[in-house]
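S.K.: Please work out how this folds:
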Amino acid sequence: MPHINDRSEFGVVAEVLDAPHPLVRAQWRNGRLDLTMSPGQRKFTSLLIKALLSPRESNPWDHAVGRRLTDLVLYEHSVFAARDRFILAAAAHDRVAAYLLPFVQTSWDGGAVIAGIPGLRLNACRRHSYELVHLPTGGVLEVFDSQWRDQRNPDTPASLRYLDFELKTTRADKGVEQAEQWALDLHYRDSPLLATVGARLGLWWQHGGFPRLIGNAGATTLGSLKWERGPSAEWIAQHIESRNMHTPGLIVHRAQQGRRWMVFELHNETLMVEGPGLGRR
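M.R.: Below is the predicted model of the structure:
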């Protein structure tokens, strides 16, 4: 339990991230939220965030019929980056898991089309969640049913009916297919800065901000993160810079005129962030 002097800051962090107190408490160290991840979990988090926030036209893994990966926020998500897993709660968690698990379709000429995240596998089916593991990085994603406490949603084991199609290639005992490894090598590189943003994604999603990751934004190495509604970039930056949520080494470069946009820098990576005007929280 946090010390009595930490309870005010503890409550602020839990509220602003809309995170369950037990999850925040498990990572509360010396009066701050410790979002340190293992190298494999960090790599997977950066990959997951790039997949969830990149528009379909710039995401070679977003070929599923129906929803786009950027649309999954419509399933009423809440998110939290625990030390050993990324936790995502959704009203239709079985559908969300189905969209994230990969399906590989190989053509007659040897080419392949991938829908979902290459290398992601179903590791466990629990009463109210699916545990997915990313074989190349060892990262873990747990997709929870956000409504399981609702009396209208009875306590029944998680269904696999939405996963039948994906399970042909995504059982945990199956290795990474050649097409999946090729897709990862071609379209992904580790990004500690994207993982840092991903660990704090609740600052956006829980306050009505739905950012998109746009590449080729001038001088920044990772492009830009843009959103039109919800919190301002300054509000986001203030929380990311705060003592109870700060990442060592992270620098925020503010625009000289106005604060609608700014640049986040971590080590050798930079990312422009641009939100609505200062009138927003």
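
S.K.: All the strands of the stretch 51-200 of the chain, in order from the start?
M.R.: Secondary structure of the stretch 51-200 of the chain, counting by DSSP state E, counting those that start in this stretch: strands at 78-81, 86-90, 103-106, 112-115, 120-125, 129-134, 140-145.

S.K.: Next up, the contacts around the residue nearest the centre of the chain.
M.R.: Taking CA atoms, centre = their mean, the centroid of the chain lies closest to Ile49, which sits 4.2 Å from it. Neighbouring residues of Ile49 by CB atoms under 8 Å, 6 or more residues apart in numbering: 194-195, 197-198, 201, 213. No exception for glycine: its C-beta is placed from N, CA and C like everyone else's.

S.K.: how about 10 Å then?
M.R.: Ile49 makes contacts with 79, 81, 86, 191, 194-199, 201, 211, 213, 225, as judged by CB atoms under 10 Å, 6 or more residues apart in numbering.

S.K.: now do Val143
M.R.: So Val143 contacts 75, 77, 86-90, 93-98, 100-101, 128-132, 158 (CB under 10 Å, 6+ apart).

S.K.: what pairs with it across the strands?
M.R.: Val143 forms beta bridges with Leu88, Tyr130, as assigned by DSSP bridges.

S.K.: please begin residue numbering at 508 from this point
M.R.: In the new numbering, first residue 508, that becomes Val650.

S.K.: Distance to Ala686 and mean pLDDT added to the strands of the stretch 558-707 of the chain, as a markdown table?
M.R.: Formatted as a markdown table, those follow (distance: least, CB to CB, whole Å; pLDDT from 0 to 100):
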| stretch | distance to Ala686 | mean pLDDT |
| --- | --- | --- |
| strand 585-588 | 29 | 86 |
| strand 593-597 | 24 | 89 |
| strand 610-613 | 5 | 76 |
| strand 619-622 | 4 | 76 |
| strand 627-632 | 14 | 87 |
| strand 636-641 | 16 | 91 |
| strand 647-652 | 21 | 91 |
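
S.K.: now for those strands, which one comes closest to Pro783?
M.R.: Smallest distance to Pro783 across the strands of the stretch 558-707 of the chain (CB to CB): 20.9 Å, for strand 585-588.

S.K.: Which residues does that closest one contact?
M.R.: With CB under 10 Å, 6+ apart as the criterion, strand 585-588 contacts 521, 524-527, 530-531, 534, 540, 542-544, 548-549, 552, 555-556, 559, 580, 593-597, 649, 651, 653, 702-703, 705-713.

S.K.: Buried only: go through those residues for me.
M.R.: The neighbour-count test (16 or more other CB atoms under 10 Å) marks 521, 524, 526, 530-531, 534, 540, 542, 544, 548-549, 552, 555-556, 559, 580, 593-597, 649, 651, 653, 702-703, 705-713 as buried among those.

S.K.: Okay, and which of those map to helices?
M.R.: Per DSSP state H, helices hold the following members of these: 521, 524, 530-531, 548-549, 552, 555-556, 559, 702-703, 705-706, 709-712.
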